[in-house]
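Asks: got a predicted structure plus its sequence, pasted below:
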Amino acid sequence: MTDPLTGLGTRLRLEDKIARLIGKRQSDPAPFAIAVVDLDGFKPINDLYGRSAGDGILKQAALRLRAALDDTSTVTRTGSDEFTILSPFIFSAKAAERLAHTLVAVLSAPYDIGARTVRLTASVGSAIYDDACETASQLIAKAETALYQARRTGRNRVVVYSRELVEAAQSVTRIEQALRRAVSSGEVEPHFQPIVEMRTGRILGFEALARWRDADLGVISPGVFIPIAEERGIMPDLSRLLLIKSAETARNWPDPLFLSFNLSSEQLIDASTAGEVIAIADRVGFDPKRLEIEITETGLMTMPETAASIIAEFKDAGVRIALDDFGTGQSSLGRLREFPFDKLKIDRSFVSGLLSDRASEHIVRAILAMCTGLGIEAVAEGIEEKAQAARLDKFGCLLGQGYLYGRAVSARAATERVAKPLS
Ligand code: C2E
Ligand code: CA
Ligand code: CA
């Protein structure tokens, strides 16, 4: 029942302790809590620095958890990089959440391994025992469901199990299944939003944005289904479908008009991405020189070397690269020097704040000055009002996109719009 490495109890010990506590609480009905703690990014440490480094971190983590808890709590090691804590005197979800945040903080401090230090984060799933009919393993399963949800929604997170959580998980599964069906029958469509020269309103190109309507579920926004597609491995097929359809539409537009296509973060860790995109453009008969690829900083962060080689391959084929949502996420000015961006898209949040807060105004002006200096084009996103466009124009921003100039419309509507003689 004891783990030789850390000296902590094992899963068996945990189950035994929980079962005994459940027995005790039969006569004294009060809730208690368990928390499953998972170290994020532990596996690469083992691979990079060797097993003994990994063992050292686990020992330090075990000590920190012990030190962070009072004597009434039990810490056990329930997986290779997973610990489970039993807290008999945590009675509410609120308290469980507070405790979990403390554990994350404690585990996030740097670890010494030999001459170096490394940093890890942790994810925690908690569950409260408040149903007298529950068994130890049912309770653990709940905490694991919560942990899964915490990891799913980004690491370094804390989730406490609840009914709503289960319903949310079921709804994700329903969407996933419907999306798989829609992708294989080609039912997800790109719509096209104009990107214009602000002074004249002339359309220079369109950004393709995915649109999906399911017969049963109704319209589902890309903000919902794109993350699900990424997480459940549907993105490669979905993206291929959208690119084929987008390029088939864009090849009918007058020549200089470009197509701007979003790549998701996970496509930037797959070295074959650029080759596939260019092959599709070639096959469809759309000149890659009229193609722009929008990527986000998050996408560049995960595997910078792979992302750099994908970008280089795109550039060789004449595909232009735009940095999307600039100013949100982990923006680093250094990135602008490391990667050869052609274009930078100023995030909508700055444009919407432009007229009301000074900070947004200064940030936008600084971004524009920087773009001019670096020879990068700037596009302002999410322009809804004339006054915003006027302000951006005053600051020297040439390109814009937003409801003021048009929402994303069907392939047919977009093509009709550019086929008309410009007035
Ligand atoms: P994004 O790439 O930043 O796309 C711009 C989003 O802003 C779109 O939302 C667009 O409809 C919306 N938008 C444009 N102008 C305005 C405006 O003036 N006001 C407001 N309030 N919103 C405006 P949408 O279509 O819901 O897409 C959301 C996100 O989903 C996109 O953000 C992108 O990250 C992702 N996405 C959409 N289609 C695709 C796709 O084909 N592939 C990938 N990888 N991601 C996609
Ligand atoms: Ca975009
Ligand atoms: Ca954007």
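Replies: Yep, it's here. Ligands and ions are numbered 1, 2, ... in the order given.
Asks: quick one, phi/psi of Gln26?
Replies: Per-residue torsions, Gln26: phi -60, psi -40 (degrees, to the nearest 10).
Asks: just give the nearest non-adjacent residue to it, would you?
Replies: The shortest distance from Gln26 to any non-neighbouring residue, by C-beta to C-beta, 6 or more residues apart in numbering, is to Ala132 (6.9 Å). For the C-beta atoms, the positions are set from N, CA and C on the backbone; glycine is no exception.
Asks: in terms of helices and strands, where is that neighbour?
Replies: Using DSSP states H and E, Ala132 falls within no helix or strand.
Asks: just Val104 next, same as before
Replies: With DSSP H and E as criterion, Val104 is part of helix 93-108.
Asks: quick check: buried residues in that helix?
Replies: Ala93, Ala95, Ala96, Glu97, Leu99, Ala100, Leu103, Val104, Val106, Leu107 (16 or more other C-beta atoms under 10 Å).
Asks: where do the strands sit along the stretch 201-350 of the chain?
Replies: Per DSSP state E, counting those that start in this stretch, the stretch 201-350 of the chain carries strands over the ranges 202-214, 218-220, 258-262, 291-295, 320-326, 343-346.
Asks: format these as CSV; extra columns: mean pLDDT.
Replies: Converted to CSV, those look like this (pLDDT from 0 to 100):
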stretch, mean pLDDT
strand 202-214, 98
strand 218-220, 97
strand 258-262, 98
strand 291-295, 98
strand 320-326, 95
strand 343-346, 96
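Asks: thinking again about what came up before, which residues does the residue nearest to Gln26 contact?
Replies: If you count contacts by C-beta atoms under 8 Å, 6 or more residues apart in numbering, Ala132 has them with Arg25, Gln26, Pro29.
Asks: now mean neighbour count too, for the strands of the stretch 201-350 of the chain, in a markdown table please.
Replies: Below are those laid out as a markdown table (neighbours: other C-beta atoms under 10 Å):
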| stretch | mean neighbour count |
| --- | --- |
| strand 202-214 | 20 |
| strand 218-220 | 12 |
| strand 258-262 | 23 |
| strand 291-295 | 23 |
| strand 320-326 | 22 |
| strand 343-346 | 24 |
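Asks: wait, which of those is closest to Ala182?
Replies: Comparing the strands of the stretch 201-350 of the chain by their distance to Ala182 (C-beta to C-beta), the top pick is strand 202-214, with 6.0 Å.
Asks: neighbouring strands of the closest one in the sheet, and parallel or not?
Replies: Using DSSP bridges, strand 202-214 pairs in its sheet with strand 189-197 (antiparallel), strand 218-220 (antiparallel), strand 258-262 (parallel).
Asks: columns distance to ligand 1 on top of the ones you listed, output as a markdown table?
Replies: Formatted as a markdown table, the strands paired with strand 202-214 follow (distance: least, C-beta to the nearest ligand atom, whole Å):
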| stretch | distance to ligand 1 |
| --- | --- |
| strand 189-197 | 6 |
| strand 218-220 | 10 |
| strand 258-262 | 4 |
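Asks: outline the domain layout of the chain.
Replies: Split into domains by automatic domain parsing, the chain comes to 11-161, 173-419.
Asks: got any ranges where the stretch 51-200 of the chain has weak pLDDT?
Replies: Within the stretch 51-200 of the chain, no range satisfies pLDDT under 70.
Asks: before we move on, back to that, Thr2 is nearest to which of the domains of the chain?
Replies: domain 11-161 (7.2 Å).
Asks: what about the closest one, how long is it end to end?
Replies: 20 Å (C-alpha to C-alpha, to the nearest Å).
Asks: show me what from the stretch 151-300 of the chain comes close to ligand 2.
Replies: Those residues of the stretch 151-300 of the chain that sit near ligand 2, judged by C-beta under 5 Å from the ion, are Asn262, Glu294.
Asks: what's the answer for the stretch 301-423 of the chain, then?
Replies: Checking the stretch 301-423 of the chain against ligand 2 by C-beta under 5 Å from the ion, the hits are Asp324.
Asks: just the helices in the stretch 301-423 of the chain please.
Replies: 304-316, 333-338, 348-353, 358-374, 386-394, 411-419 (DSSP state H, counting those that start in this stretch).
Asks: these: lowest mean pLDDT?
Replies: Sorting those by mean pLDDT places helix 333-338 lowest, at a mean of 82.
Asks: picking up where we left off before, what residues sit buried inside the next helix or strand after the helix holding Val104?
Replies: Downstream of helix 93-108, the first helix or strand assigned by DSSP H and E is strand 111-113. For strand 111-113, the neighbour count (16+ other C-beta under 10 Å) marks Tyr111, Ile113 as buried.
Asks: done for today, thanks.
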